[in-house]
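Trainee: The following block contains a protein sequence and its predicted model.
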Amino acid sequence: MAFQQPQYPFQGYGHCESYFVENHNDDDGMFARAAAERERSRGVNKLRQKAMAEALSRTTAEEYQEDVLSHMERMEAETMPDLQSIEIQTEIQWFMRPYLLDFLLEAHHAFQLLPETLHLAVNLLDRYCSRRVVYKRHYQLVGCAALLISAKYGDHKERVPTIRELKSMCCSLYDDDMFTQMEWHVLQTLNWMVGHATVTSFLQMALTEVAFDPELERMSWYVTELALYHKEFIPVPPSVMARSALALARYILARPQPRYTDWSARYDSQVVLNLSNHLTQPSQALQRKYASPHLSSVSSTIELFLQQQAMIAQRVIHIPAPEITCMEIEPSGPVNAYLMPQTPQKADFPSIPHGVLTPPITPDKDYHAQTGYGITQGLLPRTGHCVPTPPSSGEHAHTMHYSGPHYIQPPQFVQ
C-alpha cells in the first residue's frame, strides 16, 4: 500500500502556535487572538507589579521618613554658609550677587537642569566665598564651577553643561584650563563635601503629605529661587525656607493651610513676611523664566495677587489714591545706595544677544553708583540708575515711603 501524502502538510501533527507556520485551518484568527490575549495579560501583570512596588515603596518611605528627615536636617547644619565671612570679602559686594544669580538662572534654565541643581550650585558658591577670598574678576568663574559641580553631582548626565558651552556663555573671558582649575579648587576648599540637603528636597518631603498639586509646587519653586537673590535669607536653613515658602505659596493660591502639628506647617512667620515683601520687585530673569505655561505661568499669578492685595489695602486702610501711586526713593546726596542690602534691577541689553545677561567683569561699586554700569562701554542706554529694592524694615526707613501697588497685606495664618 502506497503512502498517501496528506492534503495539508501539517495535518495530523496538531496545532502549532508559532507565527512562522501558516495553519490553513486557522481561518478565524484563533492563534492571533490567543497571542493578543497573552500580551494583554502580560501588560496587566506589569501594571499590577508596578502598583505593588509603588505601594511597598510608600510603606518603606513612611517607615524611614523620620530617619531620613533627621539625617537631612543634620546635613544642612553641616553645610550652611557663613554670612559674616562673606561680609568681609574685600572685592565682592552684595550688589554683584543679583547679576551672577541672573546668569546662573539663565544657564540653569537653558540646560534644563533639575531645580535642586540650582540651589546646590548657590550653596557651593556661598560656602566657597565663606572660606576663600574671591576677586571680582573670578566671581563669575566660581559660579560656573559651582554650577558644573552641582550638575555632575545630581543631574542627568546628558544635560551636564560642557566647559565649551560655559566658556561661550562667559564671552570667552576664561580659558578652558581655568574652569578645570577652579572646579578642583572649589572641591578642595570644601573638602570634597558636595552633598547638601537643598530646599527642594525638603519641599518634596512636605508635599508628600498632601495630594499632588503642580501649581503649588512651582509657586514654591518661584519663592525659593526669589530668596536666593537676597542676603538676608542666606542664614535661613533650607528646611525652614521650604516650609515658609510653601506656606506663602498656599496663601497666594488660596490653598488651605495644614494643621500646625504637621511638620510641613511649622513655618517661620518672619521669613514668610520677608518673602512676601520681596514679591513686588523680582528679578527680570526669574520673572521671564516663570512666565511660561510650562511652569504654570507663576509670574502672571503673582502679578494678579499683588493687584488684589493693593485693592484690598485701598478698601481696608482707606488711603487716598494719589498718596499711594508708587514707591519712590528720596535723593540722599552722594551716599552710595548699593552699600546697603538690596537687589538692583538690570536694564535691557539692546546690543547683546539674549541669554548673555551677566557682564564678563563686574564693575566697582563706586563706579556703579556714580555713572551707572556699562554706560561708558556702550552696554546700557543712558536712562539713569537701576531702581533698587528697598531694604527691610528698620534699615534707612526714613529715606522712603510705602505705597499702594507695592503694599502686601501680611498673611494671616492660623496656628
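Mentor: Ah, there it is. Numbers count the residues shown, from 1 in each chain.

Trainee: so the residue nearest to residue 135 when sequence neighbours are not counted, which of the three states?
Mentor: Using CB to CB, 6 or more residues apart in numbering and skipping the chain neighbours, the partner closest in space to residue 135 is residue 91 (5.4 Å). Backbone N, C-alpha and C define where each C-beta goes, glycine included. Three-state assignment for residue 91 (DSSP: H, G, I helix; E, B strand; the rest coil): coil.

Trainee: Report the spatially closest residue to residue 297, excluding sequence-adjacent ones.
Mentor: Closest to residue 297 by CB to CB, 6+ apart is residue 291, at 6.3 Å.

Trainee: Correct me if wrong: that neighbour contacts residue 301.
Mentor: No. Using CB atoms under 8 Å, residue 291 is not in contact with residue 301; the gap is 10.2 Å.

Trainee: more neighbours, the two?
Mentor: With neighbours defined as other CB atoms under 10 Å, residue 291 and residue 301 compare such that residue 301 has more, 18 against 14.

Trainee: ok, residue 258 touching residue 207?
Mentor: No. The criterion here is CB under 8 Å, and residue 258 misses it with residue 207 at 11.0 Å.

Trainee: Now do the shared contacts for these two.
Mentor: residue 264 (CB atoms under 8 Å, 6 or more residues apart in numbering).

Trainee: What separation do you get for the residue nearest to residue 135 and residue 114?
Mentor: Look at residue 91 and residue 114: by CB to CB, to the nearest Å, they are 32 Å apart.

Trainee: swap in residue 264?
Mentor: Distance, residue 264 to residue 114, using CB to CB: 21 Å.

Trainee: Who has more neighbours out of the two?
Mentor: Counting neighbours by other CB under 10 Å for residue 264 and for residue 114 shows that residue 264 has the greater number, 22 against 17.

Trainee: contacting residues around that one?
Mentor: Residue 264 is in contact with 205-207, 209-210, 243, 246, 258, counting by CB under 8 Å, 6+ apart.

Trainee: export those residues to CSV and tack on distance to residue 53 and secondary structure?
Mentor: Converted to CSV, those look like this (distance: CB to CB, whole Å; DSSP: H, G, I helix; E, B strand; the rest coil):
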residue, distance to residue 53, secondary structure
205, 21, helix
206, 24, helix
207, 21, helix
209, 21, coil
210, 23, coil
243, 30, helix
246, 28, helix
258, 28, coil
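
Trainee: Just the buried subset of these, written out for PyMOL, thanks.
Mentor: Restricted to buried positions by 16 or more other CB atoms under 10 Å, the PyMOL selection for the contacts of residue 264 reads:
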select buried, resi 205+206+207+243+246+258
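
Trainee: between the contacts of residue 264, which is nearest residue 195?
Mentor: Ranked by distance to residue 195 (CB to CB), those are led by residue 205 at 16.1 Å.

Trainee: Test my guess that that closest one contacts residue 69.
Mentor: Yes. Assessed by CB under 8 Å, residue 205 is found in contact with residue 69 at 6.3 Å.

Trainee: Just the element for residue 142, please.
Mentor: helix 139-154 (DSSP states H and E).

Trainee: Beyond that helix, next helix or strand please.
Mentor: helix 163-169.

Trainee: From the contact counts, what lies against that following helix?
Mentor: Counting contacts by 3 or more CB pairs under 8 Å, 6 or more residues apart in numbering; DSSP states H and E, helix 163-169 packs against helix 97-110, helix 139-154, helix 176-189.

Trainee: hang on, the earlier thing: so for residue 205 and residue 69, which residues contact both of them?
Mentor: What both residue 205 and residue 69 touch, as defined by CB under 8 Å, 6+ apart, is the set residue 263.

Trainee: quick revisit: dump the contacts of residue 264 to a markdown table, plus pLDDT and distance to residue 176.
Mentor: Output for the contacts of residue 264, formatted as a markdown table (pLDDT from 0 to 100; distance: CB to CB, whole Å):
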| residue | pLDDT | distance to residue 176 |
| --- | --- | --- |
| 205 | 84 | 39 |
| 206 | 84 | 41 |
| 207 | 84 | 41 |
| 209 | 74 | 46 |
| 210 | 77 | 47 |
| 243 | 91 | 42 |
| 246 | 92 | 41 |
| 258 | 78 | 50 |
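
Trainee: ok, the contacts of residue 264 vs residue 219, which is closest?
Mentor: Distances from residue 219 to the contacts of residue 264, taken as CB to CB, are shortest for residue 246 (8.8 Å).

Trainee: That closest one and residue 267 touch, don't they?
Mentor: Yes. Look at residue 246 against residue 267 with CB under 8 Å: they come within range, at 7.3 Å.

Trainee: Domain map for this protein?
Mentor: Domain assignment for the chain by automatic domain parsing gives 79-189, 199-321.
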